[in-house]
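>>> the sequence and its predicted three-dimensional model are supplied below.
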Amino acid sequence: MNAAETAATLLVLLLQVTVMTALAPVVAGITRQARARVEGRAGAGVFQPWRDLRKLVTKRPIHAAGTSWVTRVGPFMLLASSFLIAALIPLVSAAPLPLVPDDLFVVVSVLLLGTVALALLGLDAGSAFGGMGSSRHMMIAALVEPTVLMAVYALSIPVGSSTLSLIVANRRDDPASIASPAGVLGVVALAVVVLAETGRLPVDNPSTHLELTMVHEAMILETSARDLAQVELGSWLRLTVLLGLVGNLVVPWGVATDATPAAVAIGIVAIVVKIGILAAVLGAAEVGLAKLRLFRVPELLAGSFVLAFLAVAASYLVA
Amino acid sequence: MNGVAGGLVAQLLLAVLAVVVAVTTTGHRRNLLAGTACAALAAAGAVTGGLALAGRQGAVEVPTTLPFSPLVLSPDRLGGLFILVAGVVGVAASVYAIGYVHGASASRSQWSALAVFLLGMQLVPAAGDAITFLLAWELMAAASTVLVLADQTRSPAAREAALWYAIMTHLSMVAILAGFAVLAGQTGGTGFRVLANADPTSPAVSVAFGLLVLGFASKAGLVPLHVWLPRAHPEAPSHASALMSAVMVKMGVYGALLVALRLLPGGPTWWAVLLMGLGGASALYGILQAAVATDIKRLLAYSTSENVGLMFLALGTALLLRGYHVPGAASVALISCLLFVVNHAAFKATLFLGAGAILHATGERDLDRLGGLVHRMPWTGASFGVAAMGAAALPVTGAFVAEWALLQALIHGVRPGDQVVAVTVPLALAVIALTAGLALLTFVKAYGIAFLARPRSDAAAGAHEVPTTMRVAMGAGAIAVVALGVVPGPVAAVLARSLGIAGAQPIGLAGLELTGMGALLDPLSLTILGLLIGAPALLYVVVLARRHPREVAAPGWGCGGIRVSPRMQYTATSYAEPLMRVFDDALQPTRDVEVTTVADSRYMAARVEYRQRVDDVVEVRAYAPLVAAANRLADRARGIQNGSIHRYLAFSFAALVVVLLAVVR
């Protein structure tokens, strides 16, 4: 790949990150709106999260006494990790940079950077609720990890590589592999861990107001103003990007493979539509779900792990 | 005399010098001079190791009057790597010790033991024959036992720890001795070159392999032979714990590599599965215990068990895949094993030195009584934080690269149709993944509870930053943790050359490419990409920060309550409580709730006491009966020892008669 091509790829990646960042609050808006409509409410509109962000950035952050650098830097670390994932995962385009391939293991560890930033943020103020949220969050993250890697493994066996763009391309060229037992089980397992990683029902209730049931919300009780804006945007971006990943694995068509304007335009439209539909389905589906008791969550994750393991076993048998 | 041989002789001389200095000087002068001498000894080791790693040959032969071949010190490249690691960590630990030691740990015997310990660790990988290996091994074991005993006059726990350690380390010594003896019997020599002639398919050699692995696994702290680790590491002075954990347990790994690669290559499949099983069990059990530990040094000790487990898992994977003719993936697994060795040395040494700094500043090892140290000990906090990221295998530390390489080896080791691979490889992946998840929790807990939030005790509130020598050592360690992660390509290439295999080469900005796998990782490029994308947002945040400055106000949110005592915070115990519940069956904690009620009421509690204790299940189940049996046996044996000289003479006479009879026949 020569310098001009690399520059074009980089530009497309930057475009992808910009599109995803612009989309992230809307995705949160769509899930809320879909939920509201299904529940028979009018809803605040899909752009309400954007308006919330605009309000938050004009305020002065207030800290609890005794907080440290974590409170100051943590929110940005979370946001930056989300940005990096948005650049690494093939969403608009499946043409990675030559030295930064979209390796799923790398994606997972960058995700963990954000997870850790949030967990430390919860501990920093020294309030009981922050510690509680942080502790639960890390327990869930620890138990999600085996499922994530097993799902990654299941997806990568047919391709012989953990590079996402290759996995997506393989599924596009061989649509039968999407519907194969291994392909389906792997994606379902991945979908469950996406729910757990992004704090959706049934693992965590994103709209709860009761501290004792909180996970994500408990960690950010002490954040305010632009810190809160960064944390929220980072979390929404995470949700958006991971939904996009699931979307591209299930429907691998429309992803740009080169940097021509037409292909990129199609790629943008395709990914926005995929994420939009998934977000609406997620919001509507959450109406019918209740939050699991915290100590039932491991059972859900264990179930998902079994699915992923079956996917691996299936690909050994089929291959 | 060439460089390597000169270096080895210099090490011996410097060790003698260090002991002489330690014995002849007093007070602060002793700390400074003996510390410098130890650092010089370790630096000489680093140079020797570096030369041997670069491929220089050199040997020192010591003739003996015993009926063996002469004692030979001739490190190969792999040995050079381990000497280098021992030397570099040794320099950091020696410098640190200058500021750290006080009271009992600054005594003549302690400084001398440190010098001997450093020498022993640097000689083990240099040994060219079994006898030299065992002598160096014993030097290392005996000196470290003295170091564990530093605080024995004040702390009964230190005596108990030293006893456990001495027994385990000598059992391991016996197993290794027996293993080498069987091999020597098969081949008729003690030099490693001769021992390598053994036929790995014969049953006797399998027995030798089992014995050697048993011995090395015990030294490496693998479950179920890890019981000495969580006792000895907390009780030893912190620079000694850093050396024991970062280097000494690695000698167990070196031993396993020596046996599996140099002496007995091409063994049956069950050898590989045995190593994988041992490693996997240690990784899971170690990190689970670490996750619920509240004593910070005990936590680090269990985490060592986990990391060494991963190394054995990687080694086992390599042997398995090699047996199935997947040489590319096997090489990558071996390289990841060595990457773990090097990176674990960097981050675990830094973590133990950091734990020592906390102990130095607060006198506390209990995480439940720490907190808020990031404000009072910024240097320690920064070093510990970076090293904790390494322990959690987060990017861009070296441990992340090691884990990534191992995962890649597992993915590319797929051989459809083979049952052993089809079962073990996914299981290994699951073990690594769960271990990684729990390690994340463990080190978020360790850093978050110790350094963030508010102090949970007066000792933590009155902490002070530690002396410069300690800060320098910790800072250098933290830099090493990141540096190894930023330039993994050249590092992995050197490691691959030390094993004489291909499989890794540098690419891009010091990135690592696994040749033949199409997998590459360039952390520096990744970081630059992250900065590039994050820059506009960062700029915007900075502008916002100018416009709307921060305000410090009010206590944290208490649900409307305003009574904020530090006792209301989460502690290390409560942090791990959800996990404890999930793994209740595996950990089997004992809980004790005592409720004192007010006068006659059954419902009004005056006082509630809650105690929770997590014992080591393996120790309780497997070792307690053994110890009890040994004690019973000792009681019986006491009957034949009544102190009468006549009886002892009779015993000697009887023994002599038996020997004579045996010889005559």
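Here it is on my side, so go on.

>>> if I look at the spatially closest residue to B:Arg497 that is not a sequence neighbour, how far off is chain A?
Counting by C-beta to C-beta, 6 or more residues apart in numbering or on different chains, the nearest residue to B:Arg497 once its immediate chain neighbours are dropped is B:Arg77, at 6.8 Å. The way it works is simple: take the backbone N, C-alpha and C, and place the C-beta from them, glycine included. For B:Arg77, the distance to chain A equals 29 Å [C-beta to the nearest C-beta, to the nearest Å].

>>> and for B:Arg77, the neighbour number?
Residues near B:Arg77, counting by other C-beta atoms under 10 Å in any protein chain shown, number 19.

>>> contacting residues for it?
Going by C-beta atoms under 8 Å, 6 or more residues apart in numbering or on different chains, B:Arg77 touches B:52-53, B:55, B:497-500.

>>> give me the secondary structure label for the residue nearest to B:Gly6 when sequence neighbours are not counted.
Among residues not flanking B:Gly6 along the chain, B:Gly58 sits closest, at 7.7 Å (C-beta to C-beta, 6+ apart). Classification of B:Gly58 using DSSP: H, G, I helix; E, B strand; the rest coil returns coil.

>>> again with B:Glu513
What three-state DSSP gives for B:Glu513 is strand.

>>> that one against B:Gln505, yeah?
Yes - taking C-beta atoms under 8 Å as the definition, B:Glu513 is a contact partner of B:Gln505 at 5.4 Å.

>>> give the residues shared as contacts by the two.
Common contact partners of B:Glu513 and B:Gln505 (C-beta under 8 Å, 6+ apart): B:Gly489.

>>> who has more neighbours out of the two?
Each of B:Glu513 and B:Gln505 has its neighbours counted (other C-beta under 10 Å); B:Glu513 has more, 22 against 16.

>>> beta partners of that one?
B:Gln505, B:Leu520 (DSSP bridges).

>>> what's the closest non-adjacent residue to the one residue in the stretch 301-450 of chain B that gets nearest to chain A?
Residue nearest to chain A within the stretch 301-450 of chain B (C-beta to the nearest C-beta): B:Gly437, separated by 3.0 Å. Of all residues not flanking B:Gly437 in the chain, A:Glu145 sits nearest, at 3.0 Å (C-beta to C-beta, 6+ apart).

>>> quick check: the residue of the stretch 151-300 of chain B found nearest chain A vs A:Val70, distance?
Here the residue of the stretch 151-300 of chain B nearest chain A is B:Ala291; by C-beta to the nearest C-beta that distance is 7.8 Å. Using C-beta to C-beta, to the nearest Å, B:Ala291 is found at 21 Å from A:Val70.

>>> repeat that for A:Ala290.
Shown here: A:Ala290 relative to A:Val70, a distance of 33 Å by C-beta to C-beta.

>>> then B:Gly372?
B:Gly372 is 12 Å from A:Val70, by C-beta to C-beta.

>>> identify the contacts common to the two.
Common neighbours of B:Gly372 and A:Val70, counting by C-beta under 8 Å, 6+ apart, are B:Leu452.

>>> A:Ala290 and A:Val70 - which one has more neighbours?
Of the pair A:Ala290 and A:Val70, A:Val70 is the one with more neighbours under other C-beta under 10 Å, namely 24 against 9.

>>> surely B:Glu61 is within a helix?
No - applying three-state DSSP, one finds B:Glu61 to be strand, outside a helix.

>>> what about it, distance to chain A?
Applying C-beta to the nearest C-beta, the value for B:Glu61 to chain A is 48 Å.

>>> can I assume that residue is in contact with B:Val72?
Yes - between B:Glu61 and B:Val72 there is a contact under C-beta under 8 Å: 5.4 Å.

>>> what's around the residue in the stretch 1-150 of chain A that chain B sits nearest to, how many residues?
Closest contact between the stretch 1-150 of chain A and chain B, by C-beta to the nearest C-beta, is at A:Gly131 (2.5 Å). A:Gly131: 27 surrounding residues under other C-beta under 10 Å.

>>> contacts only, for it.
A:Gly131 touches A:122-123, B:453, B:569-570, B:574-575, counting by C-beta under 8 Å, 6+ apart.

>>> element containing it, please.
In this structure, A:Gly131 sits in helix A:128-156 according to DSSP states H and E.

>>> and the angle from the next helix or strand after that helix to helix A:128-156?
Going down the chain from helix A:128-156, the next helix or strand is helix A:164-173, by DSSP H and E. Relative orientation of helix A:164-173 versus helix A:128-156 (axes from the mean of the first three to the mean of the last three C-alpha atoms, to 10 degrees): 50 degrees.

>>> packing partners for helix A:164-173?
helix A:104-124, helix A:176-179, helix A:225-250 (3 or more C-beta pairs under 8 Å, 6 or more residues apart in numbering or on different chains; DSSP states H and E).

>>> helices of the stretch 451-600 of chain B, start to end?
Ranges of helices in the stretch 451-600 of chain B, per DSSP state H, counting those that start in this stretch, are B:458-461, B:468-486, B:488-499, B:523-547, B:572-575, B:577-582, B:584-587.

>>> for A:Gln71, give me its contacts.
That one is not Gln; residue A:71 is Thr. Contacts of A:Thr71 (C-beta under 8 Å, 6+ apart): A:63, A:121, A:124-125, A:222-223, A:227.

>>> out of the residues you listed, flag the one nearest to B:Ala355.
Using C-beta to C-beta, A:Asp124 is the member of the contacts of A:Thr71 that lies nearest B:Ala355, at 21.0 Å.

>>> that closest one and A:Ser134 touch, don't they?
No - A:Asp124 is beyond contact range of A:Ser134, at 9.2 Å (criterion: C-beta under 8 Å).

>>> can you pull the residues that touch both of those two?
Contact criterion C-beta under 8 Å, 6+ apart; residues shared by A:Asp124 and A:Ser134: B:Gly448.

>>> so for these two, which sits in the more crowded spot?
Neighbour count, other C-beta under 10 Å: between A:Asp124 and A:Ser134, A:Asp124 has more, with 31 against 28.

>>> if we can go back for a sec, higher neighbour count, B:Glu61 and B:Val72?
Set side by side, B:Glu61 and B:Val72 show more neighbours around B:Val72, with 20 against 15, by other C-beta under 10 Å.

>>> which SS class is the more buried one?
strand.

>>> dump the helices of the stretch 451-600 of chain B into CSV; add mean neighbour count and distance to B:Gly255 as well.
Formatted as CSV, the helices of the stretch 451-600 of chain B follow (neighbours: other C-beta atoms under 10 Å in any protein chain shown; distance: least, C-beta to C-beta, whole Å):
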stretch, mean neighbour count, distance to B:Gly255
helix B:458-461, 16, 40
helix B:468-486, 22, 23
helix B:488-499, 22, 15
helix B:523-547, 16, 31
helix B:572-575, 23, 34
helix B:577-582, 20, 33
helix B:584-587, 12, 29
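
>>> switch these over to a markdown table; also include mean pLDDT.
Below are the helices of the stretch 451-600 of chain B laid out as a markdown table (pLDDT from 0 to 100):
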| stretch | mean pLDDT |
| --- | --- |
| helix B:458-461 | 88 |
| helix B:468-486 | 93 |
| helix B:488-499 | 90 |
| helix B:523-547 | 90 |
| helix B:572-575 | 90 |
| helix B:577-582 | 89 |
| helix B:584-587 | 86 |
